[in-house]
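Q: What would the 3D arrangement of this be:
(2 chains)
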Amino acid sequence: MFDEWLDKYEYIIELGKSLETLPDSSKTEDKLIKGCQSRVWLDWKKEEGRIFFSADSDAIITKGIISLLIKIYSGRTAEEIAASDFSVVEKIGLRENLSPTRANGLVSMIETIRRIAAENL
Amino acid sequence: MKTEDIRKYFPVLDRKVYGKPLVYFDNAATSQRPQPVIDELNFRMSESNANIHRAVHILSQECTDAYEQARDAVRDLINAPTREEVIFTSGATASINLVAYSFGEAFVNEGDEIIVTEAEHHSNIVPWWMLCQRKKAALKVLPVDDMGHLRLEELDKLITDRTKLLCVTHISNVLGIVNPVGKIVEIAHSKNVPVLVDGAQGIVHCQVDVQKLDCDFYAFSGHKMYAATGTGVLFGKRKWLEAMPPFLGGGEMIETVSFEDVKFAKIPMRYEAGTQNFASSATLKQACEFVNILKDSELTQNFKQICLYMENELKNVEGLKIYGEGTEDEPKAPVYSFNVEGVHHEDLAILLDKMGVAVRSGQMCAEPVMTRFGVTGMVRAALLPYNTKEEVDIFIAALRKAVAMLR
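A: Sure, this is the predicted structure:
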């Protein structure tokens, strides 16, 4: 009954559990990513020309996924992020493993990361 | 009749997803389609397709007959006094919007009041909210108690001489409680307030008799009761349907048209403007016939046992809370919305899907119910008579596995 999907999800869940939680003061309406069934907050800061993301979610799998995105995009310049085609999401086989409904906030997460990069170009 | 005999009607139930047998528990969102419904739709598409009520040729005649026979079947199913009181729409939402517009235009003015309940689906809130915005009317709310039952004792003082309509769900799509709509209609009528019943779930789990209920409107979808998607019904008492202006203007809903004047057709045509979804609506006949097959006593008894088993198994999962507790007078339909302590509803639904189990998660188009119970969402598993005890076992095992992974 349980097969290779299990490893993938156990890994994502582990990532979600180990991602540092945001302080409640950072979980504000303006940091909330729309389009997710679960609530996702994405915060960022710019230091020495690089953008650092931090995020949180009330759902563990969503949190694991955003943790993965942060691992890839945090600490990069706005130019680097803007130049990315985000094909990494396809490569690691995430997209087809997420329910392709409006509950899927992955697209919204990527759009938000893109927008933040664009605002910092 | 056994569950296996019923399952044979549903080709999709043999499907495998992710290499596992599909366990379909998202029935409160839409049911699966039995073969006679699929055959009818196929036949309309491949062999008998022509616009209805218009042409004199044979195909048009066939399609018109099929469409009108479906109206007769629905009339029988809900025991409507006459076939003209059965209006075809695209779904329960469209049915309610029709009343919100047409009834609202005719009878609702500034300062009037519409009553809804806290247990409603957005489809039985938003049209009324929009009407109230348009007419500067007020929307009032009948609350539910902690067990998910309507607080009927509040109804008396909620109804005033400005109340124009009371809108209540027969069965909440979240809580699953069969609301005492007959009693509610009685109370409302004693104060001359008509009642609209949202029967989207009610038509699936109850034997609906609109004359016995005495409700003024009963709205439901076809796709939750085995018919093709894009089908719906509005039952309305003749006195209202004949007194309201049409919702949509267009073809077939008129008697005469000139640039100076338009005379509307009689009911039901008055409310069926434009080319109808006749191919899908025709399947309501086969769906109604199938609902009658499901009335088999052995099947009904067996299904009751499976639902009871499901409820008990759910309650045995540590930290699991089911929303909506049935009573003898107001029993619970097999619509089980729940949360597991310390686990997010979305996480559960994602992992259940990977194990072949289809459930719903999130707000389920009922944000006020979520707010009432202080949650951001729930998981919902809803059963129909084609579901088996073995499927319940697969679901419960998957649920336990998912909870263990997430905690």
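Q: residue of chain A with the smallest distance to chain B?
A: A:Ala59 (3.8 Å; C-beta to the nearest C-beta). C-beta: built from backbone N, CA, C; applies to glycine.
Q: That residue: how many residues sit nearby?
A: Neighbours of A:Ala59 under the rule other C-beta atoms under 10 Å in any protein chain shown: 27.
Q: Tell me which residue lies nearest the centroid of chain A.
A: Among the residues of chain A, the one closest to the centroid is A:Ile66, at 2.3 Å (C-alpha atoms, centre = their mean).
Q: contact partners of the strand or helix carrying that residue?
A: Assigned by DSSP states H and E, A:Ile66 belongs to helix A:60-73. With C-beta atoms under 8 Å, 6 or more residues apart in numbering or on different chains as the contact definition, helix A:60-73 has outside contacts at A:9, A:11-19, A:36, A:38, A:40, A:42, A:51, A:53-57, A:81, A:84, A:88-89, A:92, A:94, A:98, A:105-106, A:109-110, A:113, B:344, B:346-347, B:350-351, B:406.
Q: After the worst-scoring helix or strand of chain A on mean pLDDT, heading C-terminal, what element do we hit next?
A: Within chain A, no helix or strand scores below helix A:88-91, which has a mean of 71 by mean pLDDT, DSSP states H and E. Toward the C-terminal end, the helix or strand that comes next after helix A:88-91 (DSSP H and E) is helix A:106-119.
Q: tell me the angle that following helix makes with helix A:60-73.
A: Interaxial angle of helix A:106-119 relative to helix A:60-73 (axes from the mean of the first three to the mean of the last three C-alpha atoms, to 10 degrees): 30 degrees.
Q: just checking, what packs against helix A:106-119?
A: Here helix A:106-119 touches strand A:40-47, strand A:50-57, helix A:60-73, helix A:78-83, going by 3 or more C-beta pairs under 8 Å, 6 or more residues apart in numbering or on different chains; DSSP states H and E.
Q: switch the cut-off to 7 Å
A: Secondary-structure packing of helix A:106-119 (3 or more C-beta pairs under 7 Å, 6 or more residues apart in numbering or on different chains; DSSP states H and E): strand A:40-47, helix A:60-73, helix A:78-83.
Q: Now these in CSV, please, with extra columns for distance to B:Ser281 and mean pLDDT.
A: Formatted as CSV, the helices and strands packed on helix A:106-119 follow (distance: least, C-beta to C-beta, whole Å; pLDDT from 0 to 100):
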stretch, distance to B:Ser281, mean pLDDT
strand A:40-47, 41, 93
helix A:60-73, 40, 89
helix A:78-83, 51, 92
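Q: Name the next helix or strand downstream of the host helix or strand of B:Met370, please.
A: Here B:Met370 sits within helix B:367-372, counting by DSSP H and E. Once helix B:367-372 ends, the next helix or strand along the chain (criterion: DSSP H and E) is strand B:378-382.
Q: I'd like the mean pLDDT over that next one, please.
A: Averaged across strand B:378-382, pLDDT comes to 98.
Q: Same question for stretch B:266-284.
A: Stretch B:266-284 shows a mean pLDDT of 96.
Q: now it: how far from the chain's centre is it?
A: Distance, stretch centre to chain centre, for stretch B:266-284: 18 Å (C-alpha atoms, centre = their mean, to the nearest Å).
Q: ok, and for it, which residues are buried?
A: Neighbour-count burial for stretch B:266-284, counted by 16 or more other C-beta atoms under 10 Å in any protein chain shown, picks out B:267-273, B:276-284.
Q: before we move on, what about stretch B:146-160?
A: In terms of neighbour count (16+ other C-beta under 10 Å), stretch B:146-160 has its buried residues at B:148-150, B:155, B:158-159.
Q: before we move on, what about stretch B:242-259?
A: B:244, B:246-247, B:252-254.
Q: for these, which one is nearest B:Gly356?
A: The nearest member of the buried residues of stretch B:242-259 to B:Gly356, counting by C-beta to C-beta, is B:Phe247 at 41.9 Å.
Q: SS state for the closest one?
A: Classification of B:Phe247 using DSSP: H, G, I helix; E, B strand; the rest coil returns coil.
Q: wait, B:Val317 sits on B:Arg400?
A: Yes. The criterion here is C-beta atoms under 7 Å, and B:Val317 meets it with B:Arg400 at 6.4 Å.
Q: could you list every residue that touches B:Ala94?
A: Each residue near B:Ala94 by C-beta atoms under 7 Å, 6 or more residues apart in numbering or on different chains is listed here: B:Gly232.
Q: Give the rounded mean pLDDT of stretch B:190-199.
A: Stretch B:190-199 shows an average pLDDT of 98 in the prediction.
Q: Pull up the distance across that stretch, start to finish.
A: Terminal residues of stretch B:190-199 lie 22 Å apart, using C-alpha to C-alpha, to the nearest Å.
Q: Tabulate the buried residues of stretch B:146-160 (CSV), appending pLDDT.
A: Shown next, in CSV, are those (pLDDT from 0 to 100):
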residue, pLDDT
B:Gly148, 97
B:His149, 98
B:Leu150, 98
B:Leu155, 97
B:Leu158, 98
B:Ile159, 98
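Q: so of those, which ones are in strands?
A: Cross-referencing the buried residues of stretch B:146-160 against strands under DSSP state E gives no overlap.
Q: for the residues you listed, which one is nearest B:Asp209?
A: B:Leu150 (20.5 Å).
Q: so for the helix holding B:Met370, what's the average pLDDT?
A: 96.
Q: try stretch B:84-92
A: Stretch B:84-92 carries an average pLDDT of 98.
Q: how deep is B:Gly342 tucked in, by neighbour count?
A: 9.
Q: helix/strand/coil for it?
A: Classification of B:Gly342 by three-state DSSP places it in coil.
Q: What separation do you get for it and B:Ala398?
A: Remark: distance between B:Gly342 and B:Ala398 (C-beta to C-beta, to the nearest Å) = 18 Å.
Q: so what's the residue in the stretch 301-407 of chain B positioned nearest to chain A closest to, chain neighbours aside?
A: Shortest the stretch 301-407 of chain B-to-chain A distance, computed as C-beta to the nearest C-beta: residue-wise this is B:His344, at 3.8 Å. Closest residue to B:His344 apart from its sequence neighbours, by C-beta to C-beta, 6 or more residues apart in numbering or on different chains: A:Ala59 at 3.8 Å.
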